[in-house]
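Engineer: okay, sequence plus prediction incoming.
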Amino acid sequence: MNIDVNISHIYASPEHHYFTREKFDVGNAPTNDLDRVYLKEGKGIAGDRFEFSKYPITFISEEVMREVCSELELSYDPSLFRRNVVISGLNLTQLIGKRFAIADVSTDESVVFEGVEHCAPCTWMNAVMKKGAFGLMSGRGGLRVRVIKEGPLKTGNNTLITEDNFELLDPCEALPKPMFPKGS
């Protein structure tokens with residue numbers, strides 16, 4: 001199954017804004033907006049705070065972020081969400097438990113990921129944006145992934161390739177318990 005997707009941002013930040021801080025103390029570490037990264041197997045984005053963690057990369061739906069900002073009457077700023085890859089064109093919770101590649105449409109270079117688990121929002125979202133952000137993101141906070149096969153990832157038009165076939169859900173639809181499919 002091939003799905004046309006767009007990656008509008010790839011972010012990396014060298015420090016945490018939430019972990020190791022007092023409750024609702026928002027940090028000021030820079031958030032770097034990158035056009036292209038090379039991802040190594042089992043690692044995250046070079047220089048990111050989660051580069052060497054168990055699940056080093058997080059994806060988030062641009063459609064969800066725009067809806068959250070609209071509901072909260074905030075200007076759209078995707079860097080506030082503190083996820084690595086901002087992608088549009090599909091519901092990310094459908095990739096939990098699945099392997100998929102993202103290929104550059106101009107070169108066919110790709111990187112292979114495994115969708116590991118839902119990236120639940122934290123209450124920090126209320127502090128950095130506005131009260132209600134945490135609730136609006138529930139069940140659609142993003143996707144934690146693991147790099148299975150290294151390769152380049154770039155902003156712009158890409159193709160998501162998976163051997164799994166499924167009906168595409170609305171990217172903004174929240175799943176009540178976005179967990180691994182049974183038997184995984």
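Structural biologist: In hand now; what should we look at?
Engineer: how much space between Pro121 and Thr58?
Structural biologist: 11 Å (Cβ to Cβ, to the nearest Å). For glycine as for every other residue, the C-beta is placed from the backbone atoms N, C-alpha and C.
Engineer: er, Gly44 actually
Structural biologist: 9 Å.
Engineer: may I ask which helix or strand of this protein has the lowest mean pLDDT?
Structural biologist: Least confident helix or strand, the chain: helix 124-128 with a mean of 79, by mean pLDDT, DSSP states H and E.
Engineer: for the longest strand along the chain, the distance to its chain's centre please.
Structural biologist: The single longest strand within the chain, with elements called by DSSP state E, is strand 2-12. Relative to the centre of its chain, strand 2-12 is centred 9 Å away, using Cα atoms, centre = their mean, to the nearest Å.
Engineer: touching the very next helix or strand once past that strand from outside, list them.
Structural biologist: Of the helices and strands lying after strand 2-12 in sequence (DSSP states H and E), the nearest is strand 32-34. Contact with strand 32-34 is made by 9-13, 45, 47, 79, 155, as judged by Cβ atoms under 8 Å, 6 or more residues apart in numbering.
Engineer: and those as CSV, adding distance to Glu109, pLDDT and neighbour count?
Structural biologist: Output for those, formatted as CSV (distance: Cβ to Cβ, whole Å; pLDDT from 0 to 100; neighbours: other Cβ atoms under 10 Å):
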residue, distance to Glu109, pLDDT, neighbour count
His9, 19, 97, 20
Ile10, 15, 96, 22
Tyr11, 21, 92, 20
Ala12, 20, 88, 20
Ser13, 25, 84, 19
Ile45, 17, 89, 24
Gly47, 21, 83, 12
Ser79, 26, 87, 15
Thr155, 14, 96, 18
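Engineer: dump the residues you listed to a markdown table, plus distance to Val128.
Structural biologist: A markdown table is the format used below for the contacts of strand 32-34 (distance: Cβ to Cβ, whole Å):
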| residue | distance to Val128 |
| --- | --- |
| His9 | 17 |
| Ile10 | 20 |
| Tyr11 | 14 |
| Ala12 | 18 |
| Ser13 | 13 |
| Ile45 | 20 |
| Gly47 | 21 |
| Ser79 | 10 |
| Thr155 | 23 |
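Engineer: where exactly do the helices run in the chain?
Structural biologist: Applying DSSP state H to the chain gives helices spanning 62-71, 124-128, 133-137.
Engineer: and the ones you listed: which comes nearest Glu150?
Structural biologist: Closest to Glu150 of the helices of the chain is helix 62-71 (Cβ to Cβ; 24.8 Å).
Engineer: what's the angle between that closest one and strand 2-12?
Structural biologist: Relative orientation of helix 62-71 versus strand 2-12 (axes from the mean of the first three to the mean of the last three Cα atoms, to 10 degrees): 60 degrees.
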